[in-house]
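Enquirer: 3D model of this:
(one chain, ligands or ions: 1)
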Amino acid sequence: MFQGDGPEAGREVQGDGPETGSGTMADSGVWDNVENGLHPLILQTLRELHFTHMTPVQSVTIPLFMSNKDVAAEAITGSGKTLAFVIPILEILLKREKLKKLQVGALIITPTRELAIQIDEVLRHFTFHFPQFSQILFIGGSNPIEDVEKFLKQGGNIIVGTPGRLVDMFRRQSDGLDLPSCVKTLEVLVLDEADRLLEMGFEAR
Ligand SMILES: Nc1ncnc2c1ncn2[C@@H]1O[C@H](COP(=O)(O)OP(=O)(O)OP(=O)(O)O)[C@@H](O)[C@H]1O
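Expert: Here you go, the predicted structure:
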């Protein structure tokens, strides 16, 4: 499940998995046909990845997301949900005024370190072509001070993180990181696997 930051009411989308439709995973339209067009460098990255067609969840949600709707999607594992939010994030950030180094434009929260690493890797394929966007991974298992220093040094226009480390990073003002101020520029919030995230029972302490 994911959400775009937009003025209009959300809409629930049921995405088909790889085994449905005509039997192939990517059978719901070519990327060139996305309304208003995708950025040429995004299309180039998709060609590099050999992704010729959108999956059903991508073809339904990407246009909604790109028109600033709030989107909630439910689709089976492996149906291509990651690209369904990664591409709109980039398109939305490309349309806004350039973000400064410490301004966060998108925050992707996911329940496990493994998922965060996977999303970070997928995103990196795309941001490789957009050096104006910095991205940072906030997950447990490393020294939080290193994350603070990394953010201050290289910035984090797009953050991918797990809840525990993110909460920690939001409380690091005494170490020189004022993340609550940095997210004032937030355009997109993604709650990946929102059902699992909410089951985890994170509460304000
Ligand atoms: N349009 C596409 N064409 C071909 N392959 C794709 C396409 N979109 C995504 N994939 C590939 O399909 C696989 C599953 O995608 P992804 O991990 O985004 O699924 P998911 O729905 O997020 O799965 P999970 O529920 O496990 O997180 C990945 O290997 C990804 O690279």
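
Enquirer: Please determine how far the closest residue to Ile109 other than its chain neighbours is located from Val71.
Expert: In space, not counting the residues next to it along the chain, Ile109 is nearest to Leu191; the distance is 5.6 Å by C-beta to C-beta, 6 or more residues apart in numbering. Placement of C-beta: from N, CA and C, glycine included. Leu191 sits 11 Å away from Val71, going by C-beta to C-beta, to the nearest Å.

Enquirer: of these two, who's got more company?
Expert: Val71 (26 against 20; other C-beta atoms under 10 Å).

Enquirer: I'd say the more buried one and Thr61 touch.
Expert: Yes: between Val71 and Thr61 there is a contact under C-beta atoms under 8 Å: 5.3 Å.

Enquirer: Would you state the strands of the chain in chain order?
Expert: Remark: strands assigned in the chain by DSSP state E are 3-4, 8-14, 69-74, 106-109, 135-138, 158-161, 188-191.

Enquirer: Confidence-wise, which of the ones you listed is weakest overall?
Expert: Sorting those by mean pLDDT places strand 8-14 lowest, at a mean of 38.

Enquirer: returning to what we had before: highest average neighbour count across the strands of the chain?
Expert: Highest mean neighbour count among those (mean count of other C-beta atoms under 10 Å): strand 158-161, with a mean of 27.

Enquirer: For that strand, what is the distance to the chain centroid?
Expert: 7 Å (C-alpha atoms, centre = their mean, to the nearest Å).

Enquirer: Tell me which strands that strand pairs with, and in which orientation.
Expert: Neighbouring strands of strand 158-161 in its sheet, by DSSP bridges, are strand 106-109 (parallel), strand 135-138 (parallel).

Enquirer: To the ligand, which of the ones you listed lies closest?
Expert: Closest to the ligand of these is strand 106-109 (C-beta to the nearest ligand atom; 11.6 Å).

Enquirer: how about the closest one against the ligand, any contact?
Expert: No: counting by C-beta under 6 Å from any ligand atom, the ligand has no neighbours in strand 106-109; the shortest distance is 11.6 Å.
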